[in-house]
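# Sequence first, predicted model second:
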Amino acid sequence: MREANARGERLGLSDDELAFYDALGVNDSAVQVLGDETLRDIARELVETVRGNVTIDWTLRENVRANLRRLVKRILRKHGYPPDKQESATRTVLEQAEVLSTGWVA
């Protein structure tokens, strides 16, 4: 736990941002192509976007999930995430969002 906190501090990321950073970093080619700085930017933007668009029942409403998928894909494209890996990254980000968002929605 302390190691994860130290890693987040070293990268300049919050816990939520670190979770998305790790989800995106699973793809080694993305890490090599984009580098740490771009992945940090993507993680920050994803947290901000996902937090701003989740609702209490977002996991049950397909229209909200579809909108989030669209927003995530747009962010990945904007930052040059490898196109052949975007679909799996989008799925991973949404799965991560499901876990994290329980603490976000009041």
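Yep, that arrived.
# Residue 72 and residue 37: what is the separation?
Per CB to CB, to the nearest Å, residue 72 is found 19 Å from residue 37. In this view, the C-beta of every residue, glycine as well, is placed from N, C-alpha and C.
# ok, these two, which is more surrounded?
Set side by side, residue 72 and residue 37 show unequal neighbour counts under other CB atoms under 10 Å, the larger going to residue 72 at 26 against 9.
# For the residue nearest in space to the middle of the chain, which three-state class applies?
With distances taken as CA atoms, centre = their mean, residue 20 lies nearest the centre of the chain, 3.6 Å away. At residue 20, secondary structure determined by DSSP: H, G, I helix; E, B strand; the rest coil is helix.
# Quick one: residues contacting it.
In this structure, residue 20 makes contact with 42, 43, 46, 47, 93, 96, judged by CB atoms under 8 Å, 6 or more residues apart in numbering.
# and which of the residues you listed is nearest to residue 77?
Sorting these by distance to residue 77 puts residue 42 at the head of the list, at 10.7 Å, by CB to CB.
# Which per-residue confidence value corresponds to residue 3?
For residue 3, the pLDDT comes out at 66.
# Ok, residue 30 next?
In this model, residue 30 carries a pLDDT of 76.
# OK, contacts around it?
Neighbour list for residue 30: 24, 39, 81, 82, 85, 89 [criterion: CB under 8 Å, 6+ apart].
# Need those in a markdown table (columns: secondary structure and distance to residue 7).
Conversion of these to a markdown table gives the following (DSSP: H, G, I helix; E, B strand; the rest coil; distance: CB to CB, whole Å):
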| residue | secondary structure | distance to residue 7 |
| --- | --- | --- |
| 24 | helix | 15 |
| 39 | helix | 13 |
| 81 | coil | 21 |
| 82 | coil | 24 |
| 85 | helix | 23 |
| 89 | helix | 20 |
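# could you flag which of these are buried?
24, 39, 81, 85, 89 (16 or more other CB atoms under 10 Å).
# Residue 58: which of the residues you listed is nearest?
Within the buried ones among the contacts of residue 30, proximity to residue 58 (CB to CB) peaks at residue 89, which comes in at 19.1 Å.
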